[in-house]
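In: sequence below, structure please.
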Amino acid sequence: MTVRQAVVAVGIGTVLAVAPAGAQWAPPKCDLKPGHYLVNSGLLYVRNASNTKYEDQKQKDLRDADRVLTQAVTTGGQEDNGAAWYYIARRYVLLNDLAGADSAFRRAEQLAPQCAGDIFIWRRYLWTPVYNKGVQAYQAGSTDSALHYFRQANQIHREPAGLSAMAALFANAGEIDSAAQYYGEVVRATQGADTAQQRLRREAMFNRGALYNQARRWTESEAAFREYLGESPGDVQALAGLAAAFAQTGRTDSAIATYQVLLAHADEAEPRHLFAAGVAMFNAAPDEPDSGAIWDRCRDARQPAGRATAAQTRQVAATCSAAGRDSMTAWRAASRQYFRGAAGAFEAGLARSPGNRDGMFNLVNTYYRLQDTVKMLGAAQRLYAADPMNRNTLRLLAAAWQLQGKTDSTLYYLQVADTALVAEVTITAFVVAEQGAEATGLVTSLRETPIPTMTLAFEFLDGKGGVVAAQAVEVPALDAGASHQLRIQANGRGITSWRYRRQ
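Out: Numbers count the residues shown, from 1 in each chain. Below you'll find the predicted structure:
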């Protein structure tokens, strides 16, 4: 049995352009004197090109500006004049030439550092529309076009939002090294106190660790999560990631200690983070041994040459059965602390979001691993009350009765799962918004003959288990093995979970 992992999507949004000025000329917001007649002439031509209403006059002024400014920095002895390069860059702005503006602004900032703030504004002014084109391409599903625009935008301005967008696209494509590189650039580009940039910084630091964690690159994951926790101590997801890195590199004591720190911060964490941490703890446990394979290897190693006597056969069977039991005993001892930690995280999450189906499902699985006869049945019954037409739910409930030694109940729920259930309900996605929620999934026929129409009564619950909205869903008659797609939308604030029953 396995637990279900939550997936967190990374959003990419448009930004508003902040123009340095209106349609007319904007003088530099810094002390920048031309210092030479050719540079002064270039300034005038660029200003006239900015102010004119006539395209032919604008192009003439831009050509004249190019002529005198190029002369200034080539034969006019003004190659170290920051103003000359600044007005060359302003000419490129009017031409919307990002590469030219980038190169000229870079040179101008080196020679006239007092204008860095003004140059920053111009860079962002050029960056914004190109970045927004990338966002539009991303939202339309055109990843290649989005990457093209984001690269182009980053050429003129290394804005954290643009770098973060590149990282997200590479992460979604599974290009771990490229994504990690861009997340690193986001971290380097967000050193100030601005709240939005600090949020991007923390996201980038965490996502870099999560990427390495998913790729099972444990050394890099550990380093990334350590860096993140240095700035965000107590973050439960990061602690879970760090603990997983410890566990996967054989440092069991460090992993367990980190999980204990995680649970000590449970009251400060959101339920979704606790559920994610529980998944990480569950997955960090050692793999269950294959006792059958152990028995086979033991038998092959101890099988006497020639024909075995009955006594020898019994001796081999006893020895190898003990070896299988010993391997399970050792595994349970080694994994128990991980499963206890996972159960603690799931319990803490469900205390704040009691109807969360995936949280309940994962908790029941964890109790099964712990062979917890006291808690598993009650948790399985709560899961069944929320999701009664799912075969995995029914099998977990049967396993809970089996732990209780109740053979009749065990067989009953196995029979329901395997033969009596006419159709299975599988909720594949549940999305919560401020004003409502949406659940999507499938109803799949389990019969070899058509099944009649049915009605499912769905309820959407708040964090305390109260019903916020209810809806009856009609499922049409289904042919053998056919499926019907569910899409249930509910209006109401504070929805955190769902449940249903067949009417």
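In: and the residue nearest to residue 360 when sequence neighbours are not counted, what helix or strand is that in?
Out: Nearest non-adjacent residue to residue 360, counting by Cβ to Cβ, 6 or more residues apart in numbering: residue 383, 4.4 Å away. Every C-beta, even on glycine, is put in place using the N, C-alpha and C of the backbone. Using DSSP states H and E, residue 383 sits in helix 376-386.
In: distance from the chain centre to stretch 252-259, please.
Out: With Cα atoms, centre = their mean, to the nearest Å as the basis, stretch 252-259 stands 24 Å off its chain's centre.
In: how about it as PDB, C-alpha atoms only?
Out: This file holds the C-alpha atoms of stretch 252-259, laid out as PDB (Å, rounded to 0.1, in the frame of the first residue of the first chain):
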ATOM      1  CA  THR A 252      18.700   7.500  10.300                       C
ATOM      2  CA  ASP A 253      19.300   9.300  13.600                       C
ATOM      3  CA  SER A 254      19.500  12.700  11.800                       C
ATOM      4  CA  ALA A 255      16.400  11.900   9.800                       C
ATOM      5  CA  ILE A 256      14.400  11.000  12.900                       C
ATOM      6  CA  ALA A 257      15.600  14.000  14.900                       C
ATOM      7  CA  THR A 258      14.600  16.300  12.000                       C
ATOM      8  CA  TYR A 259      11.200  14.700  11.800                       C
END
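In: tell me where the stretch 351-500 of the chain has helices.
Out: For the stretch 351-500 of the chain, applying DSSP state H, counting those that start in this stretch gives helices covering 357-370, 376-386, 391-403, 407-415.
In: quick one: mean pLDDT over the shortest one.
Out: Throughout helix 407-415, pLDDT has a mean value of 95.
In: in terms of secondary structure, what does it contact?
Out: When contacts are defined as 3 or more Cβ pairs under 8 Å, 6 or more residues apart in numbering; DSSP states H and E, helix 407-415 packs onto helix 391-403.
In: and the angle for the helix it packs on with helix 376-386?
Out: Taking axes from the mean of the first three to the mean of the last three Cα atoms, to 10 degrees, one finds that helix 391-403 is oriented at 150 degrees with respect to helix 376-386.
In: please enumerate residues in contact with helix 391-403?
Out: Helix 391-403 is contacted from outside by 1, 361, 364-365, 367-368, 371-373, 376-377, 379-381, 383-384, 387-388, 409-414, 416-418, 421, 424, using Cβ atoms under 8 Å, 6 or more residues apart in numbering.
In: what about the helices in the stretch 151-300 of the chain?
Out: Using DSSP H, counting those that start in this stretch, helices in the stretch 151-300 of the chain cover 160-172, 176-189, 195-214, 218-231, 236-248, 252-264, 271-284, 291-302.
In: output those in JSON lines; the columns should cover mean neighbour count.
Out: Below are the helices of the stretch 151-300 of the chain laid out as JSON lines (neighbours: other Cβ atoms under 10 Å):
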{"stretch": "helix 160-172", "mean neighbour count": "23"}
{"stretch": "helix 176-189", "mean neighbour count": "20"}
{"stretch": "helix 195-214", "mean neighbour count": "20"}
{"stretch": "helix 218-231", "mean neighbour count": "19"}
{"stretch": "helix 236-248", "mean neighbour count": "26"}
{"stretch": "helix 252-264", "mean neighbour count": "18"}
{"stretch": "helix 271-284", "mean neighbour count": "25"}
{"stretch": "helix 291-302", "mean neighbour count": "14"}
